[in-house]
Structures are given as structure tokens and as C-alpha cells.
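*Asks:* predicted model follows, preceded by the sequence.
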Amino acid sequence: MTAEYQVHGDVAVITLNNPPVNGLGLSTRRGITAGLEKAEADAAVKSIVITGAGKAFSGGADIREFGKPEALAEPNLLSVILAVEATTKPVIAAMHSVAMGGGLELALGCHYRIAAPGCSVALPEVKLGLIPGAGGTQRLPRVLGVEAALNMIVSGEPVKSELLASVPGQKLFDKLAKAPESLAEEALAFAKEMAVKHADGSALPLVRNLPCKHPKGDAYFQFARNMVKGMAKNFPAPAKCVDAVEAATKQKFDQGMVTEREIFINLMWTPECRSLRHLFMAERAASKIPDVPSDTKQRDIKSVAVIGAGTMGGGIAMNFLNAGIPVKILEMKQEAIDKGLGIIKKNYEAQVKKGKLKQDKYDQRMSLLTTTLSYDDLKEADLVIEAVFEEIGVKEAVFKELDRVMKPGAILASNTSTLDVDKIASFTKRPQDVVGLHFFSPANVMKLLEVVRGKETAKDVMATVMTVSKKIRKTAVVSGVCDGFIGNRMIEQYGRQGGFLLDEGCTPAQVDKAMEKFGMAMGPFRMGDLAGNDIGWAIRKRRYEEKPDMKYSKTADLLCEKGRFGQKTGAGWYDYVPGKRDAIPNAEVVAMIEEHRKAMGITPRKISDEEIVQRLVFSLVNEAAHILEEGIANKASDIDVVYIFGYGFPIHRGGPLQYADEVGLFNVVQAMKRFAKNPLDDGKFWEPAPLLARLVAEGKTFNG
């Protein structure tokens, strides 16, 4: 069992021991109820303490049981809490480190609670598209007050125990321990005290029996609903949190519990909840590489070198400085170094000004940064990341130099976004040490990191860079080698569809609005302006030579010929005012598209938002199916993680493949067959990828 039972004098101690966060899995739940029965049956035991081993009291549900029968098997958490409440001897929760979700709900079922300072307390279920499901919405308002409890439940954010202990009139903690290390001792003493207090058979206090009222209930809950709807328009759970807490103030406790359970179960089946739970698991699964065991011996990364002090190089350097890892930046000219350092300083100073970074932290980070004009000064770095111009000849020169100077065992990484990592590795005599680390711009902000595994990249290199990515707070996804890897290979098809839509009758603003309404952070044309339209132009020029039969709209080329490269030139698909990012539609661009249509002999037609969304999103889906089929991505959920964290795909839809599963793959393929008949589109592209066709034939899903 993952809950241990020991007796200390006349106090029984039940310790949850289910690493890493003492999740309340079936074995742990059974251990708690078995311990309670044992303590009840032992006349020598006068009181009971429930606590957690290691670094948590309990983090709540055991995520390993998500979607499995064990998650619902008896005793479920509601039954465990009822067993705690029914115990005739005082039960004290000794909370430390982490008390979240079901862990906090378990503690609220105990008769008394003592907490160590620094304990993070939360009901984070809303982040998975749910509300607390084991009494959290009914008990927390009774001990903290309605407003403080609702704020915690709606945000899902952790709050420190000492802050909660200072809430006027709170009954969440009966006692705050002097220090984390004295919690066990103080909990035993408190348990003995409570045993004496109730030796006369007096009733044990239950949170369920406390009153729960708000002096201006109706007005307050209406205000709360309006606030929540404005902030969480795509997610049903936050508004349902308000309903559940309101039920705590208007219904008897048992009826409130029924209301909470009904809401919880209904939310479980919403697409938003399924998407958020999928993403929660997908993010954790992304770091697992099938053929790289978790115990693979890793290389030591104590210092990093970055080649290039431009926007990308500077952003990459900041990630390591933030994690306390020394960085040396190499440039060819002092002016380039000075410019790069200026940008890094400006970024940090902006954070200091906003109060997001303390001055001493800023000083400490800058002290870890050094610069050089000579490759020879990099020889001691454990990891070097190249962030130079995206041209294979430039990369070749850099990697030949790195091969010459870097010490044996150093990891040589390229930040290329499209180029062949195997070709880059061939410029060295140590291809096993070469890997792609594709950071997304701005590199110090974007969470995604594509880790590109070459055919000779060593397993210990892969294991090391996945660990390093966690240290610098990135979500890393492994990709095989192909043009554009996972994200950019798919976005090319998305961009092609955007171009065809212009040819057929749309304006850039219409396409962007439809995609933004769907939930994308920005539509394809605003995204092109942000990234720089000249980047896409360079790729297309390469395509015209390599794949002459690949079809593109000519509108983007015409735009680039006018020098409208996007935000950096103040003009792209839209106009931009210096210092602002607002996209202002431009009449000349619309006229240019119309003239192009006339020249092509195309009669524009009215195109619905539904068609725009389907063509753009399903183009991502079909290309993703090819990527999976070819083994470029390990699993469908990895592709969803790439699109959520790197390309602004709406979180509430869970990623392109999760969205396709929700729509139904049969329906996706039916739409693709319709698009294939459009003579102005690329019929060949819309042929379903073999994997997609197979899944439809077998009635399966990508993430099933």
C-alpha cells in the first residue's frame, strides 16, 4: 500500500507515500481507510494524524489513473472523506509543502488541520476544465469565507499557508507550525491535546457543519459571473465554479455536494475539459523518448556558449542566465556584441521597472554573461548553440570552427528552423554530439523548444537536452529531420491555404478574423507580418526550384516585391504605426489581390468563416498525419503540444489533432474530399494521408 501506518505513543500516524506528490490513487485511498479502521479498533490509540512523506502532503488525484477504472473504484475520494468524518477519534491533517486538489479536500474532511509555513495550497481543477469534485466548493467557503474561497477556486492558483492563516475569521488552519521541520513533532503534540479535549466524548468538529453565507449573495454572485465570463469566454468551468460556490451558500451541505458532483460530471464530458486534460498529459508525455531510457547517464551542462548576439541569440542566452547557468556569447564584431548586450539589458530593465525582477537578480544574471570575438574562448563550454543566419553555407563555416575548438563531449546545437540537421552534423567529425535546438521567437518568452534528433545524435545527448530544457522552463518536443521539422512543415500548408483563399475571394482581414474567432492567437496574415514575409518568400523561392510542381498563390510574392515585409518595415499585409502592433488594413493590398484575380481570370466568390477555418486547420491535420506516418514525431500529442505552445493554437481546443478527434476524423476526411474538387485549390494535397485514411477505416482517433 502507498499509505503507511505507525503508532507513536497513543497517536496513530497515517503517512501517504506515493511519490512524487502522494497522489490519491486507489492503493493510497485503500491505505488511508485501512489505517482509520486499525486506529478505531485499537483502544490504545486516542487520536490520528494524516500526513505525507517526502515533498508533499498530497497533490490530489493520481494522474497515472486518469481515464482508468481505478480512478473511480471504491473507496473513491468522497468515500475516504466520509470515513475520515465518521471516525470517532480526532483526525488531524498535518499539511506541508503541497496540499492541492483532492489533497486539500482530504484535509478539509479532517477534524483539525495544522500546516507548515510555506505550504502551497490550491484547488487547481479549473485548469483541467473541471471544478473540485470531492467537496472543495462546499467546504472551502465554510472555512475561508465565500469571496476568498471563490477567488482560489476560479483561479486555481496556489496560495501560501501563512497568507491563508492571516485571513480574518479563517478556520482552514487550527494551527500554523513554527517551521516545516517541526511539523511532525507539533502535529503529534496537537493530536494529544485534541484527544484530551474530546476525552469526555464531546462532538468532533466537522467543516460540513459550519455556516456558509454571503451578506449580499445575489449581487455578489452576479458580479462574479460577469467577471468570470469576461476573462474565460472559451472555458465553461470558471462560471460553473461560481454556480457550485453559490450552491454552498443556498443549499444544505448534502444537497450542495450533489450539485457539485453533477457539475463535475457534466464538465468531464465537455470538449474543453477533454482538451485541457489531453494537454496536461501531453505536456508531460512529450519529454519521454521511446528508445531513450529514463536512467540514461547524462552529460554535465555547467556552462553554455551562444554563437550570434542577434535577437535570437540574445533571447536564447537569457533562458540560461535566468536558470543561473553562465553564458558566453560569440560575435564577429564588437558593434554586434554591444548591440546584442544592449537588447538583453533593455529586456531585463523592463522587467525590473515593472517589478517582475528584483535588481539583485538582474545584477546576478548579468554577472553570468561574458562575450568574446574568438572561437578559441568557447572551448570549455559544455553546450554550444548556434544562432546565425539561416543559410547552409554560413552554418557550415560555424560548425567547422566548433568542431575544431570545442572539447570532446561538448554538445553542438543548431537553432535552425528548417535546415537539414544531418547535413549540419556532417560538417563535423562528431555527428553524435550534434542536435537541433529550435527556439521560437522571442526565445526568452516562447515556451516551445523543438529538439531535432539527427540520425546519429547520441542517446545521452537527447537525454541531456531534454533535462536542460526543463531547467530553462521550456516544453521540449522531439522531432526527426525533415524540411521545417514538425511546426514549420505544417505551417507551410496552412500558409498555402491562406493564399488560395485570397485568390478565391477573401481579404487578409477576413481570413485572420475567422481564425481569431476560432481561437488562434493571430490569423495567418498577421502572423506572416510578425515573422517577416521575406522569410516565407525565401522558402518559396527554394521550393520553386526543388518542387516546381508545388502550387502556391502568387499574392505573397507580389506583396514582397513591393517591399512589404511586415511589422519590421511598417508595411506587410497590413500597415503598422511605429511602436504599435495594431494591424491596419491597406486598400492598395486589397486592390493588388483583386488585380491578381483578374489577371488569373478568377471570379471571386463569397467564402464562409466555416470554410476558412476548416481549410486552414484541416491542412495542418493532414500534414501532421504524414509527419506521424514518417516517424518525424513520436506521437500525435507531441504535435498538439507544438501547436499550442509554439503557434498560438487555442488551448481550449487541445491542438490540431485533438480538435480533429473532437470533430470526428470521418467528418474531417469528408471535408477534405470536398476541398479536393476545388480547381483553384491543390487537389493532390487533400488526398488523406495513409494514416488518416487508416484511422477512419478502423474507427480510431489520433489520440485514442
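*Replies:* Looks like it arrived, so ask away. Numbering: from 1, shown residues only.

*Asks:* quick check: mean pLDDT across stretch 109-129?
*Replies:* What stretch 109-129 shows for mean pLDDT is 95.

*Asks:* pull up the distance across that stretch, start to finish.
*Replies:* Using Cα to Cα, to the nearest Å, the end-to-end distance of stretch 109-129 comes to 24 Å.

*Asks:* that stretch: which residues count as buried?
*Replies:* 109-116, 119-129 (16 or more other Cβ atoms under 10 Å). C-beta: built from backbone N, CA, C; applies to glycine.

*Asks:* cool, stretch 233-241 as well?
*Replies:* Buried, per 16+ other Cβ under 10 Å, within stretch 233-241: 235, 236, 237, 238, 240, 241.

*Asks:* from residue 272, how far off is the fourth one?
*Replies:* If I follow you right, that is residue 238. Using Cβ to Cβ, to the nearest Å, residue 238 is found at 11 Å from residue 272.

*Asks:* isn't residue 17 up against residue 6?
*Replies:* No - the pair residue 17 / residue 6 is not scored as a contact, 11.2 Å apart, by Cβ atoms under 8 Å.

*Asks:* looking at those two, which is more packed in?
*Replies:* Neighbours of residue 17 and residue 6, each counted by other Cβ atoms under 10 Å, are more numerous for residue 17; the result is 15 against 11.

*Asks:* quick revisit: among the buried residues of stretch 109-129, name the ones in helices.
*Replies:* Among the buried residues of stretch 109-129, the members found in helices (DSSP state H) are residue 109.

*Asks:* now, which of the buried residues of stretch 109-129 lie within strands?
*Replies:* Among the buried residues of stretch 109-129, the members found in strands (DSSP state E) are 112, 113, 114, 115, 120, 121, 122.

*Asks:* and those residues as TSV, adding distance to residue 538?
*Replies:* Shown next, in TSV, are those (distance: Cβ to Cβ, whole Å):
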residue	distance to residue 538
112	67
113	62
114	64
115	58
120	48
121	52
122	47
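
*Asks:* looking at these, which is nearest residue 194?
*Replies:* Comparing those against residue 194 with Cβ to Cβ picks out residue 112 as the nearest, at 5.9 Å.

*Asks:* who's the closest one bridged to?
*Replies:* Assessed by DSSP bridges, residue 112 has beta-bridge partners residue 92.

*Asks:* so what's residue 486 up against?
*Replies:* Taking Cβ atoms under 8 Å, 6 or more residues apart in numbering, we find residue 486 in contact with 450, 477, 479, 624, 627, 632, 633, 638, 639, 642.

*Asks:* phi, psi for it please.
*Replies:* When quoted as degrees, to the nearest 10, the phi and psi of residue 486 stand at phi -80, psi -60.

*Asks:* local confidence estimate at it?
*Replies:* 95.

*Asks:* so residue 578 sits against residue 570, correct?
*Replies:* Yes - using Cβ under 8 Å, residue 578 makes contact with residue 570 at a distance of 6.7 Å.

*Asks:* of these two, give the one with the bigger neighbour count.
*Replies:* residue 570 (13 against 6).

*Asks:* per-residue confidence at the more buried one?
*Replies:* For residue 570, the predicted pLDDT is 91.

*Asks:* what distance do you get for it to residue 580?
*Replies:* Distance from residue 570 to residue 580, by Cβ to Cβ: 10 Å.

*Asks:* one more: residue 143?
*Replies:* In terms of Cβ to Cβ, residue 143 sits 48 Å off from residue 580.

*Asks:* more crowded one of those two?
*Replies:* Comparing residue 143 with residue 580 by neighbour count (other Cβ under 10 Å), the higher total belongs to residue 143, at 20 against 9.

*Asks:* Three-state assignment for the more buried one, please.
*Replies:* Look at residue 143: counting by DSSP: H, G, I helix; E, B strand; the rest coil, its state is helix.

*Asks:* check what pLDDT it gets.
*Replies:* For residue 143, the model assigns a pLDDT of 95.

*Asks:* with residue 70 instead?
*Replies:* Taking residue 70 on its own, its pLDDT is 85.

*Asks:* that one against residue 25, yeah?
*Replies:* Yes - the pair residue 70 / residue 25 is scored as a contact, 6.7 Å apart, by Cβ under 8 Å.

*Asks:* what about those two, which has more around it?
*Replies:* More crowded of residue 70 and residue 25, by other Cβ under 10 Å: residue 25, with 22 against 15.

*Asks:* ok, the more buried one - contacts?
*Replies:* 2, 18, 62, 64, 65, 70.

*Asks:* my guess is residue 449 contacts residue 478, does it?
*Replies:* No - when contacts are counted by Cβ under 8 Å, residue 449 is not listed as touching residue 478 (10.1 Å).

*Asks:* and the nearest residue to residue 382 once chain neighbours are set aside, helix, strand or coil?
*Replies:* What sits nearest to residue 382 in space, not counting adjacent residues and going by Cβ to Cβ, 6 or more residues apart in numbering, is residue 301, at 4.7 Å. Here residue 301 is recorded as coil under three-state DSSP.

*Asks:* tally of neighbours for residue 301?
*Replies:* 18.

*Asks:* repeat for residue 550
*Replies:* 14.

*Asks:* please shift the residue numbers so they start at 17 in all later answers.
*Replies:* Got it, the first residue is 17 from now on, which makes the last one we talked about residue 566.

*Asks:* using pLDDT, spot the least trustworthy of the contacts of residue 41.
*Replies:* residue 80 (79).

*Asks:* quick one: contacts for that residue?
*Replies:* So residue 80 contacts 39, 41 (Cβ under 8 Å, 6+ apart).

*Asks:* can you do 7 Å?
*Replies:* residue 41 (Cβ atoms under 7 Å, 6 or more residues apart in numbering).

*Asks:* in the stretch 17-166 of the chain, which spans are helices?
*Replies:* Listed in chain order, the helices of the stretch 17-166 of the chain (DSSP state H, counting those that start in this stretch) span residues 42-57, 93-102, 118-125, 152-160, 162-171.

*Asks:* looking at the ones you listed, which is closest to residue 713?
*Replies:* Taking Cβ to Cβ, helix 42-57 is the member of the helices of the stretch 17-166 of the chain nearest to residue 713, at 36.6 Å.

*Asks:* helices or strands up against that closest one?
*Replies:* Helices and strands touching helix 42-57, as assessed by 3 or more Cβ pairs under 7 Å, 6 or more residues apart in numbering; DSSP states H and E, comprise strand 19-24, strand 27-32, strand 63-68, helix 93-102.

*Asks:* and the ones you listed, which is most packed in?
*Replies:* The highest mean neighbour count among these, using mean count of other Cβ atoms under 10 Å, belongs to strand 63-68: a mean of 26.

*Asks:* and that one, what does it pack onto?
*Replies:* Partner elements for strand 63-68 (3+ Cβ pairs under 7 Å, 6+ apart): strand 27-32, helix 42-57, strand 107-111, helix 199-213.

*Asks:* tell me the mean pLDDT for stretch 400-410?
*Replies:* Stretch 400-410 comes out at a mean pLDDT of 91.

*Asks:* buried residues, that stretch. List them.
*Replies:* 400, 401, 402, 403, 404, 406.

*Asks:* restricted to helices, list those residues.
*Replies:* Going by DSSP H, the helices hold none of the buried residues of stretch 400-410.

*Asks:* farthest pair in the residues you listed?
*Replies:* Checking these with Cβ to Cβ, the most distant pair is 400 and 406, at 17.7 Å.

*Asks:* residue contacts, the nearest residue to residue 87 once chain neighbours are set aside?
*Replies:* Leaving aside its sequence neighbours, residue 87 sits nearest to residue 81 (Cβ to Cβ, 6+ apart; 4.2 Å). Listed by Cβ under 7 Å, 6+ apart, the contact set of residue 81 reads 41, 42, 87.

*Asks:* closest to residue 164 among the contacts of residue 41?
*Replies:* residue 78 (28.2 Å).

*Asks:* pull the number of nearby residues for that closest one.
*Replies:* Other residues lying near residue 78 total 23 when counted by other Cβ under 10 Å.

*Asks:* nothing else from me, thank you.
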